[in-house]
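Colleague: predicted model, plus sequence, below.
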Amino acid sequence: MAENQKAAGHGRLSVARTDADGVTVLSLDGEVDHHSVGALARALPPVDVSTAPRVVVDLTQVAFMDSSGVNALIAAHQATVAARGWLRLVGVRGAVLRTVQLVGLDLIVPCHPNLERALEE
């Protein structure tokens, strides 16, 4: 598994991107809100219909996410599906889980307990 780490961040959010075996893994650390969501948006791979993007967003280290983060994840999900790819979430818990469940994001984007499970399917 080859790794390509890039860090992007704004304020209270850092994003590490790893590209391995055709899957982009974004590991977020901090809070996703209207001030920091740009770091997440910039880290998402460009959608190319010829490559069927596969993206995992690891939220294990995210303590807070507002509607800005939810909207970014919904947009990423829609873009990847339109390109015949997929988006999966990992480590959704606590306040972030409540937000994800409240808006029904967990009903459209698969949530996995850990990275290994997200990459298996």
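Modeller: Yep, that arrived. Residues are numbered from 1 along each chain as shown.
Colleague: chain center to the helix or strand where residue 107 lies: distance?
Modeller: Per DSSP states H and E, residue 107 falls inside helix 105-108. In terms of CA atoms, centre = their mean, to the nearest Å, the centre of helix 105-108 is set 13 Å apart from its chain centre.
Colleague: by contact count, what packs against it?
Modeller: Applying 3 or more CB pairs under 8 Å, 6 or more residues apart in numbering; DSSP states H and E, one finds that helix 105-108 contacts helix 67-82. In short, each C-beta sits where N, CA and C put it, glycine included.
Colleague: got the buried residues for the helix it packs on?
Modeller: Within helix 67-82, the residues that qualify as buried are 68, 69, 70, 72, 73, 74, 76, 77, 79, 80, 81, counting by 16 or more other CB atoms under 10 Å.
Colleague: and what of stretch 86-96?
Modeller: Neighbour count says stretch 86-96 has 86, 87, 88, 89, 90, 91, 92, 96 buried, by 16+ other CB under 10 Å.
Colleague: ok, stretch 12-32 next?
Modeller: Counting neighbours by 16+ other CB under 10 Å, stretch 12-32 gives 13-18, 23-32 as buried.
Colleague: brilliant, that's me finished.
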